[in-house]
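S.K.: Fold the following.
(one chain, ligands or ions: 3)
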Amino acid sequence: MLDTTDTHLQALLRRRKPGYSLEAPFYTDPAIFAADLDLIFGRHWIYVGVEPDVAEPGDAMVIDIGKTSVIIARTDDGEVRAFHNVCRHRGARLVEEYKTTVGNLVCRYHAWTYDFDGKLLFAEHMGKDFDTSCHGLKPVHIRSLEGLLFICLADAPPDDFDAMAARMAPYLAPHDLRNAKVVAESVIIEPGNWKLVMENNRECYHCAGNHPELTVPLFAYGFGFAPEELDEVGRLEARRYADLVETSHAQWESCGFPSRGVEHLDDMITGFRTERLPLDGAGESHTGDTRAACRKLLGSIDDPRHGALHFWTQPNSWHHFMSDHVVTFSVIPLDAEQSLLRTRWLVHKDAVEGVDYDVENLTSVWTATNAQDSALVGLCQEGARSPAYEPGPYSPHTEMLVEKFSNWYVGRMRALNAR
Ligand code: 3BY
Ligand code: FES
Ligand code: FE
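M.R.: Ligands and ions are numbered 1, 2, ... in the order given. This next block holds a predicted model:
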């Protein structure tokens, strides 16, 4: 029988006030966290990593989302597959490390052995009537968008991934992520709910006051301002920036680099947004001196002045594709008040450390920015715990995209929680 009980969550979703941050339980309540894991992280396309994480046949990577552990592996024929990390014998976790390279997947408990297609190859002492073909690893849906890997834990994933991929592939393809390598990775346990991590990323209202490193390459004007607050100098700067965006778009597009904005953050199940934006200074990269961090450029790019292609997906990722490197971010909820942020930096696979790039120079801007953002997320989590917290208004000029994140979340929760 259909359960029509009006839950706490349904009441909160129904009374959500547009234009305002969410009510505190969305950031603190373990029951809502459980619903987020089930309805958001269990039913949508979740960004988990990149094809170069499993570059060679035999490479495997483990991604945990809630209680679900997933093995992502490269098969002998070069395909990337995903499986539940649960042995079909008595359920032991198969791969314990984050990354490994193996010939087959061998359970260390009783040595059941699977190939990278999930097929059970070997199970000793099971008798002649035992049917190995019924005991393969359970597959997980996985898709690659030009090398960015998304998994979906649902039986039937949202069917609009192809629509996003068709729109995004021309933007991402010139950077040839599949022929890049991960040269640095960081994991931060952020002291806040996953939605606070995402909301913080969806605006740059806080950038000028908090990100001294990031605002060297990033134009403050790129993420909105209230026009009536600008003085004469500000108006000129804003115009100069708008002109630069327009001429950069025209120039990049004329040489095969789609650049103009596309935004489907709250009108698709697999919400996304992209735009290629010019950078300040030398205009080349997210580095301390705004110059390319890697001398060997990505893919077909021959001019380092390609700005940064911003690509965001709902519910859990953002990425910056530049001429010389890609920096990519995946947010995984841990509990109501903690989230894991994994950041990867990639350069051309043939680039040589110490010759073409220096890891410290490559990672310094986002290492600093991540730490600053993590502290800001922590402040909001502290606030959400206080009885004095109430939803506050988003700026219509700089927090429109936070509003779209919250709209997407509330819309998806309403759609799925009603069932
Ligand atoms: O991730 C982005 O696209 C930007 C950069 C920093 C904050 N965010 C709005
Ligand atoms: Fe894996 Fe027994 S639980 S072989
Ligand atoms: Fe930030």
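S.K.: any idea what the residue lying closest to residue 336 once chain neighbours are set aside is structurally, helix, strand or coil?
M.R.: Sequence neighbours aside, residue 33 is the residue nearest to residue 336 in space, at 3.9 Å (criterion: CB to CB, 6 or more residues apart in numbering). C-betas here are computed from N, CA, C, even on glycine. Three-state call for residue 33 (DSSP: H, G, I helix; E, B strand; the rest coil): helix.
S.K.: how about the helix ranked longest in the chain: buried residues?
M.R.: The residue-count maximum for a helix in the chain (DSSP state H) belongs to helix 359-385. Going by neighbour count (16 or more other CB atoms under 10 Å), the buried part of helix 359-385 is 361-367, 369-370, 372-374, 376-378, 380-381, 384.
S.K.: strands paired with the helix or strand hosting residue 344, and their directions?
M.R.: Following DSSP states H and E, one finds residue 344 within strand 338-348. Sheet partners assigned to strand 338-348 using DSSP bridges are listed as strand 180-190 (antiparallel), strand 326-335 (antiparallel).
S.K.: Which of the ones you listed sits closest to residue 240?
M.R.: Minimum separation from residue 240 across the strands paired with strand 338-348 (CB to CB) falls at strand 326-335, 26.5 Å.
S.K.: Using CSV, write out the CA atom coordinates for the closest one.
M.R.: Provided in CSV are the C-alpha atoms of strand 326-335 (Å, rounded to 0.1, in the frame of the first residue of the first chain):
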residue,chain,number,x,y,z
VAL,A,326,42.5,20.1,-15.7
VAL,A,327,41.5,20.4,-12.1
THR,A,328,38.5,18.4,-11.1
PHE,A,329,36.4,18.1,-7.9
SER,A,330,34.1,15.4,-6.6
VAL,A,331,32.1,15.8,-3.4
ILE,A,332,30.9,12.7,-1.5
PRO,A,333,28.7,12.9,1.6
LEU,A,334,30.1,11.2,4.7
ASP,A,335,27.5,12.0,7.3
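S.K.: tell me which residues in that strand are buried?
M.R.: 326-334.
S.K.: again, but for stretch 205-218
M.R.: Buried, per 16+ other CB under 10 Å, within stretch 205-218: 205, 207, 210-211, 213-218.
S.K.: which other residues reach stretch 62-72?
M.R.: 37, 41-42, 46, 48-49, 53-54, 60-61, 80-86, 93-99, 105, 137, 140, 142, 149, 151, 153, 332-333 (CB atoms under 8 Å, 6 or more residues apart in numbering).
S.K.: Return the subset of those residues lying in strands.
M.R.: For those, the ones inside strands are 46, 48-49, 60-61, 80-84, 99, 105, 142, 149, 151, 332-333, with DSSP state E as the criterion.
S.K.: from what I can see, residue 196 looks like it's in a helix, true?
M.R.: Yes - assessed by three-state DSSP, residue 196 belongs to a helix.
S.K.: Just list the residues touching it, thanks.
M.R.: 27, 190, 339, 377, 380-381, 384.
S.K.: Nearest to ligand 2 among those residues?
M.R.: Ligand 2 lies nearest to residue 339 out of the contacts of residue 196, by CB to the nearest ligand atom, at 31.0 Å.
S.K.: Tell me who's in contact with the closest residue to residue 169 other than its chain neighbours.
M.R.: In space, and not counting its chain neighbours, residue 169 is closest to residue 146: 5.6 Å by CB to CB, 6+ apart. Counting by CB under 8 Å, 6+ apart, residue 146 makes contact with 168-169, 172-173, 175, 177-178.
S.K.: mind checking how far residue 146 is from residue 326?
M.R.: Using CB to CB, to the nearest Å, residue 146 is found at 10 Å from residue 326.
S.K.: Are there residues contacting both of these two? Which ones?
M.R.: 175, 177.
S.K.: Touching, residue 273 and residue 311? I think so.
M.R.: Yes - contact criterion CB atoms under 8 Å: residue 273 and residue 311 qualify, at 7.4 Å.
S.K.: picking up where we left off before, let me have the strands paired with strand 338-348 in a markdown table, extended by mean pLDDT and distance to ligand 2.
M.R.: A markdown table is the format used below for these (pLDDT from 0 to 100; distance: least, CB to the nearest ligand atom, whole Å):
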| stretch | mean pLDDT | distance to ligand 2 |
| --- | --- | --- |
| strand 180-190 | 98 | 28 |
| strand 326-335 | 98 | 25 |
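S.K.: Could you give the number of residues near residue 46?
M.R.: The number of residues packed near residue 46 is 23, by other CB atoms under 10 Å.
S.K.: likewise the one 10 residues further on?
M.R.: Per other CB under 10 Å, the neighbour tally for residue 56 reads 9.
S.K.: Then residue 324?
M.R.: With other CB under 10 Å as criterion, residue 324 counts 26.
S.K.: that older thread, can you give me how far the strand holding residue 344 is from the chain middle?
M.R.: 9 Å (CA atoms, centre = their mean, to the nearest Å).
S.K.: between it and strand 46-50, how big is the angle?
M.R.: 40 degrees (axes from the mean of the first three to the mean of the last three CA atoms, to 10 degrees).
S.K.: pLDDT (mean, whole number) over strand 338-348?
M.R.: In this model, strand 338-348 has a mean pLDDT of 99.
S.K.: And whatever helix or strand residue 405 lives in, what does it pack against?
M.R.: Using DSSP H and E, residue 405 sits in helix 400-417. On a contact count with 3 or more CB pairs under 8 Å, 6 or more residues apart in numbering; DSSP states H and E, helix 400-417 meets helix 8-14, helix 194-201.
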